[in-house]
Structure formats: structure tokens, C-alpha cells
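K.L.:
make a model of this:
(2 chains)
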Amino acid sequence: MTAVTARALIRTEAATGGRTRLETLRSDPPLTLRQTGPRRVHLVSTGAGPLRGDHLDLGVDVAPGTSLEVRSVGATLVLPGLADTPSVMVVRARVGAGATLHFSPEPTVLAAGCAHRLVVRLSLAEDATVFWREEIVFGRHGERPGRCHARFDATVAGRPLLRQDLLIGEEALDGSPAVYGDARCVGSALLAGPAWAPPAVPDVKRERRAVLGDGWAALPLAGPGVQVCALGADAVQLRERLRHGEQAAASAARPGG
Amino acid sequence: MNGEAALLLLADSRLPAGGHAHSGGVEEAVRRGAVTGTGDLARFLRGRLATAGLVTAALAAAACELAASETAAELWRRLDAEADARAASPAQREASRTQGRLLLRTARRLWPSAVLDTLARAVPEGPHHAVALGAAGASAGCAPRQAALTAAYTSVTGPATAAVRLLGLDPVTVHRLLADLAPAIEGAASAACASPGDAAGPTGWHALPGHSAPALDLLAEGHLTNPMKLFVS
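P.N.:
Model (predicted):
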């Protein structure tokens, strides 16, 4: 089987009356896109994988003043395959001034023997708003996960908001009470935008308080955003914990901020 | 002079810079029953080194390199903002700034330099610990790799010592864990100094490691709710 390279693109534009129009919806199997609402696109996986050696690239360009919601029909199952190189999934998203992006695909499941690289580059204009959820499941039921390196970079007007690497399937990290403990899933949600900007007090950095629950926390960032992080025994518990955190983060938003 | 003695001074737990007041999440892990003995502690330390340890080492090396060439306040603020972006937990940022502020104050008396004065002016609320450590290292005569090694080393020695106190563990057994980690500590320092991406210096900062540890974030926030705590973090 030969490795697959795919480049898909979603781009919005502002239509008359402040509405959003999908200017480009370019599928490239196995990255298949379907419009499922006026401002909503579902990612429909056609074909198994990704497998080792595959390189999938999804571009999301949300034009100023428009809004877009991206979801997926099912979970992504990352499989081993024969190649020596890892499978790669890159998502590049740009959210323009006053635009809103909601990105919440179903979980990524790391099957035994996989080697996966997940890269997210999210760049926000000064007053853009985003909800971005990411869930990673360590193997199918009763299975040891393959390896994964996920990197997440979010910037606001070029300034760093959040830069994180997650490594899964590494001996030093798996089962460490400092990293995942006995969890089998890890997830996060980033809620960012002017509504979560820290109060501007010059020369004073008073950290805002986190909201802490059972296996989750809503963490106000140094910049305009809150990250919900959660650990779970399974995908259902993980989602439940993320939802609690997302509610806490949403209620921390300043109206009209 | 090659910075060796300076390195020892900087990494010494007797350096009066307040490092002993922090358990790096161990106190909360003990309270929650996630660390109960040396087996758990070994896994805790290894995971901490590979995440928080690597990130502080990389930032410390970048700060040390910056201090050798540059005294512009703007660049110090930018590097400190890169440290902010790698710490989602406000409790962790606060603990890092508390340690950074104390270390910078101590370093300015031990190794007075224009660079440390600039850093103090550039980040008046106190720089992140890794940034202060790299700048202090440069002023003491350390190379970036030595600053990274100090950061990696102290990312596990402080928590290990705290665990001895909190769990009444045998100090020699716990130090054996640290001895076993020696290759991983050197490995983290090397990884921290590997030029990220294709650019060195400020243009490569965006690509510096950001290895996160969700459990450490949850522990750091949980620690704030402990009314009986012995350690600041």
C-alpha cells in the first residue's frame, strides 16, 4: 500500500447582510468535507487511517467577520501501516478579525503500533474568537497505545498564547503520576478571544484563579484565553469532564469583552 | 574559567533563592495518594523531567544565550511571554514567577551585571524561573548548556527532597533515584540545547519545546486548596 498525501481546505468569506458563505470547500480523500449547515462543515473520513507514512493537511481560513463550525462524523483511528515514517496530520487555522471558529472533531484513537504526529497551528487576529477541542485516546479497548507527538501552537496577533507538546507512548511519560497518572485519555479545550482577556493592570501580573473539578481544570492563560485540561479513564468520562470545564470557562467570559 | 564552579553554585540547593520552598507538585501528589513510595516517586520524577524539566531547560538555555549577546528589554519580555505560553496553569506560572523573582534578586547581589538589571526592569512582576536561571547563569559565567543542565537537575532534585520529608522516605534510596536519572538529566539538557527548527536565537523561540504534563497542572491547582500545605507549590 502506498502512502497517501492529501490537502483539504475550508475558506469562508463575508456575504451580504453579515452572513458567512463557504468560499472554498476542497476535499482531498481521505480528508472529505461536507457542508452540513449554513456555517458548518463535517469532516467525513473516507478510507482507513491515517496509516504510517500518510501526510494529511487541513487548512481552515475564517475570513474577518465570518463564523465557521468544523466537526467530524466519527473518531479518527490512527493505524500502524508498514512505512518507517510516522503518519502526519497538520491543521493550519487562521481566524480573522471579529471572526469565530468552533473546531471540535471526534477523538483521535491511537491504535497499537501506530506512530503519529499531530500538528496544530492556530493563528488568531486580535479580536477573533475560538473554541478548539482535542481528545486523544490511548489505544482501543484493552490495547496499549502506539506513539504520538501532538504539538499545539496558538498565537494572537502574532503573540504566543499557548504552545504545548503532548507525548504518548513514551516510556518516561506513560503511567507517570506527574503526566497522565492512570488515565487512558487526555483532552483539552481552548476558549480564546477578547472575552477572556486578562484585566489590564500595568506592571502587575495577578493570576486569575483556575476552576478545578474531578480530573479537570479550567486554566486561565496569561493571554486572552482559558484552557480546559482533562484526563479520563475512557472517552466518555473524558468528554464529560471536558464539558464541565468548558462550562466553567464559558462562564468566566466577560460579557462584551 | 569555564563556568564549572558557577554551575555548582547555581545548582546547589543551599543557594539562598527560595528553591527549597517548592515541591514541584509532589506535596499534592502525596496528599492525593498518587505518590506513596519510591516506585511512584521514580515515575513521578522521570515524567516531570521529561516535561517541565525539558521546557525549563530549553528556556534557561535560550535566556543564557540571550544574556550573552543582548540587553534589550523588549527581547526579555518576549522570552518571558514564551514561558507564559508554555504554562497553562496559573498556579504554576505564579510559582515560577515567585522563584524567578527571588533568584534574580539573589543573583543580582552575587553576580551584578547590566543584563540582570535590564531583566529586572523588563519584567517588573518577576521573570519566570527558567528565564531568571538562564540570565543568572550567564552572569555567573555559565554556558547555555550549563544553564539547561541546572534547570533539568533542579526540576527533579527539589521534588525528590520534598518527598523525603513528606513521606519519611530513606534519603539514600531517594538519592539513588536521582543517580539513576543522571543520564536522563543530561539527555534533557542536550535536547534543550538542540537548535529548534531551522533558526537559533529569538527567531527560533516559537519552536522551543512545550512538553506539558496535565497531571502536574491539576496537582498545582489542587495544591492551592490545601490549607495545611508545607510547600508553596
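K.L.:
what sits against the nearest residue to B:E186 once chain neighbours are set aside?
P.N.:
Nearest non-adjacent residue to B:E186, counting by C-beta to C-beta, 6 or more residues apart in numbering or on different chains: B:L149, 7.1 Å away. (Glycine included, C-beta is placed from N, CA and C.) With contacts taken as C-beta atoms under 8 Å, 6 or more residues apart in numbering or on different chains, B:L149 has the following neighbours: B:L7, B:A11, B:A57, B:I185, B:E186, B:A189.
K.L.:
tell me if B:L149 really is in a strand.
P.N.:
No - under DSSP: H, G, I helix; E, B strand; the rest coil, B:L149 falls outside any strand and is assigned helix.
K.L.:
quick check: pLDDT value at it.
P.N.:
B:L149 carries a pLDDT value of 98.
K.L.:
before we move on, back to that, in JSON lines, list the contacts of B:L149 along with secondary structure.
P.N.:
What follows is the contacts of B:L149, written out as JSON lines (three-state DSSP):
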{"residue": "B:L7", "secondary structure": "helix"}
{"residue": "B:A11", "secondary structure": "helix"}
{"residue": "B:A57", "secondary structure": "helix"}
{"residue": "B:I185", "secondary structure": "helix"}
{"residue": "B:E186", "secondary structure": "helix"}
{"residue": "B:A189", "secondary structure": "helix"}
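K.L.:
of those residues, keep whichever come out buried.
P.N.:
For the contacts of B:L149, a burial check counting by 16 or more other C-beta atoms under 10 Å in any protein chain shown picks out B:L7, B:A11, B:A57, B:I185, B:A189.
K.L.:
now do the closest residue to chain B within chain A against B:A73, distance only.
P.N.:
Residue of chain A nearest chain B, by C-beta to the nearest C-beta: A:S176 (2.6 Å). Taking C-beta to C-beta, to the nearest Å as the measure, A:S176 and B:A73 are separated by 38 Å.
K.L.:
equivalent analysis for B:A188, please.
P.N.:
For B:A188, the distance to B:A73 - C-beta to C-beta - is 29 Å.
K.L.:
between those two, who's got more neighbours?
P.N.:
A direct count of neighbours by other C-beta atoms under 10 Å in any protein chain shown for B:A188 and B:A73 places B:A188 higher, at 30 against 14.
K.L.:
between the buried ones among the contacts of B:L149, which is closest to A:L9?
P.N.:
A:L9 lies nearest to B:A57 out of these, by C-beta to C-beta, at 38.1 Å.
K.L.:
in contact with the closest one, which residues?
P.N.:
Residues near B:A57 by C-beta under 8 Å, 6+ apart: B:A130, B:A148, B:L149, B:A151, B:A152, B:S155, B:A188, B:A189, B:A191, B:A192.
K.L.:
can you pick out the most distant pair from those?
P.N.:
B:A130 and B:A191 (14.6 Å).
K.L.:
residues contacting stretch B:3-17, please?
P.N.:
For stretch B:3-17, contacts defined as C-beta under 8 Å, 6+ apart pick out B:19-20, B:99, B:102-103, B:105-107, B:110-111, B:133, B:136-137, B:140-143, B:146-147, B:149-150, B:153-154, B:157-158, B:161.
K.L.:
do you know how far the residue nearest to B:E186 is from chain A?
P.N.:
Separation of B:L149 from chain A (C-beta to the nearest C-beta, to the nearest Å): 18 Å.
K.L.:
who in the stretch 51-200 of chain A is up against chain B?
P.N.:
A:151, A:153, A:159-167, A:170, A:172-173, A:175-181, A:183, A:186, A:188 (C-beta under 8 Å from any C-beta of the partner chain).
K.L.:
filter the residues you listed to the buried ones?
P.N.:
A:151, A:153, A:160-167, A:170, A:172-173, A:176-181, A:183, A:186, A:188.
K.L.:
ranges for the helices of the chain?
P.N.:
If you meant another chain, say so; for now it's chain A. All helices of chain A, identified by DSSP state H, fall at A:235-251.
K.L.:
chain B was what I was after
P.N.:
Per DSSP H, chain B carries helices over the ranges B:4-11, B:26-31, B:38-48, B:54-69, B:73-85, B:90-110, B:114-122, B:129-140, B:144-167, B:171-193, B:214-223.
K.L.:
and among the ones you listed, the most buried is which?
P.N.:
Per-stretch averages of neighbours, counted by mean count of other C-beta atoms under 10 Å in any protein chain shown, single out helix B:129-140 among the helices of chain B, with a mean of 30.
K.L.:
just the angle between it and helix B:54-69, please?
P.N.:
With axes from the mean of the first three to the mean of the last three C-alpha atoms, to 10 degrees defining the directions, helix B:129-140 sits at 40 degrees from helix B:54-69.
K.L.:
and helix B:129-140, does that touch chain A?
P.N.:
No - Helix B:129-140 stays clear of chain A (C-beta under 8 Å from any C-beta), getting no nearer than 13.4 Å.
K.L.:
what angle do that helix and helix B:114-122 make?
P.N.:
Interaxial angle of helix B:129-140 relative to helix B:114-122 (the same axes, to 10 degrees): 150 degrees.
K.L.:
reformat the contacts of B:L149 into CSV and put pLDDT and distance to A:R117 next to each item.
P.N.:
Below are the contacts of B:L149 laid out as CSV (pLDDT from 0 to 100; distance: C-beta to C-beta, whole Å):
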residue, pLDDT, distance to A:R117
B:L7, 93, 35
B:A11, 94, 34
B:A57, 98, 22
B:I185, 98, 26
B:E186, 98, 26
B:A189, 97, 24
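K.L.:
residues touching stretch A:235-248, excluding its own?
P.N.:
For stretch A:235-248, contacts defined as C-beta under 8 Å, 6+ apart pick out A:75, A:107, A:131, A:133, A:135, A:137, A:185-189, A:191, A:211, A:213-218, A:228-232.
K.L.:
and these, which of them are buried?
P.N.:
In these, burial by neighbour count holds for A:75, A:107, A:131, A:133, A:135, A:137, A:185-189, A:191, A:211, A:215-218, A:228-232, counting by 16+ other C-beta under 10 Å.
K.L.:
now chain B, which segments are flagged as low pLDDT?
P.N.:
Residue ranges of chain B with pLDDT under 70: B:1, B:70, B:195-199.
K.L.:
residue of it closest to chain A, please.
P.N.:
Scanning chain B for the residue nearest chain A gives B:G47, at 2.6 Å (criterion: C-beta to the nearest C-beta).
K.L.:
fine, thanks again, bye for now.
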